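> Sequence isn't available, so here's the structure alone:
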């Protein structure tokens, strides 16, 4: 695996072949955790408190399954925060006029980011979550490529890139003043999105574990009932 890669994410996909038959396959994407202080770890042992830690110890399979729901909720929440212009409690700076104009996208022959992803551009899409295998009780939200991880790191923390010859040419062709320096202001996302939803995620975790336990009890009851019927000569 590539440096910094945690594992792979498998996404179910369906397609219809030329004969009209539905074929099921799985797309495999690499997963890279978000780096540094913004690492999102919805870890039962680290974040959930003693009561939920005990719950995870007593019901490890149900708790482990419930972590997927946390990862999915965070993935949706992070994308919603990008659309909103930052997680609750943050204040993202506005985009620069030249970025809003889309002139560089046009010159480089790339599509302009849709309005929903305007603050993170193409990084709106490659956000995913990874549930670690048992016995770890942990799910991370991060990126689906090494380049997305690197760019996500830069955008969240802010960066002052060097003005290269290519940058100067782009400004010249766009008939814009060539800057002495370029500053990409920090737009914190991952950790802040998690902190804003922490209580909501803990409640979701409890609800999911309870639901899985209930389903397991129903399955056990049905299985025992069918076994009893078979033993007495009845129909299952």
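Right, received. Where do you want to start? Predicted, not measured: the structure shown is a model, and the values here were computed from it. Residues are numbered from 1 along each chain as shown.
> Now do the same contact list for residue 70.
By Cβ atoms under 8 Å, 6 or more residues apart in numbering, the contact set of residue 70 is 42, 139, 201, 204-205. Using the backbone N, CA and C atoms, a C-beta is placed for each residue, glycine as well.
> got it, and residue 59?
Counting by Cβ under 8 Å, 6+ apart, residue 59 has contacts 209, 212-213.
> ditto for residue 163
Listed by Cβ under 8 Å, 6+ apart, the contact partners of residue 163 are 178-182.
> In this protein, what helix or strand scores lowest on average pLDDT?
strand 40-41 (a mean of 46; mean pLDDT, DSSP states H and E).
> ok so, going back, among the contacts of residue 59, who's most crowded?
Among the contacts of residue 59, the one with the most neighbours (other Cβ atoms under 10 Å) is residue 209, at 24 neighbours.
> Residue 60 is in contact with that residue, correct?
No. Using Cβ atoms under 8 Å, residue 209 makes no contact with residue 60, being 10.4 Å away.
> Can you tell me the element residue 209 falls in?
helix 198-231 (DSSP states H and E).
> tell me what whichever strand or helix holds residue 14 is packed against?
Element membership for residue 14 (DSSP H and E) is strand 5-16. Contacts defined by 3 or more Cβ pairs under 8 Å, 6 or more residues apart in numbering; DSSP states H and E place strand 5-16 against strand 22-33, strand 127-131.
> Show me what it is in contact with.
Residues outside strand 5-16 that contact it (Cβ under 8 Å, 6+ apart): 1, 22-33, 128-130, 132, 140, 142, 144, 146.
> Next: stretch 166-177.
By Cβ under 8 Å, 6+ apart, stretch 166-177 touches 98, 103-104, 107-108, 178-179, 182.
> Buried ones from these, can you make that a PyMOL selection?
Per 16 or more other Cβ atoms under 10 Å, the buried members of the contacts of stretch 166-177 correspond to this PyMOL selection:
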select buried, resi 98+103+104
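> Which one of the contacts of stretch 166-177 is nearest to residue 160?
Relative to residue 160, the closest of these is residue 182; by Cβ to Cβ it sits at 6.7 Å.
> Can you tell me the element that closest one falls in?
Counting by DSSP H and E, residue 182 is found in no helix or strand.
> Now do it, the pLDDT please.
Listed pLDDT for residue 182 reads 83.
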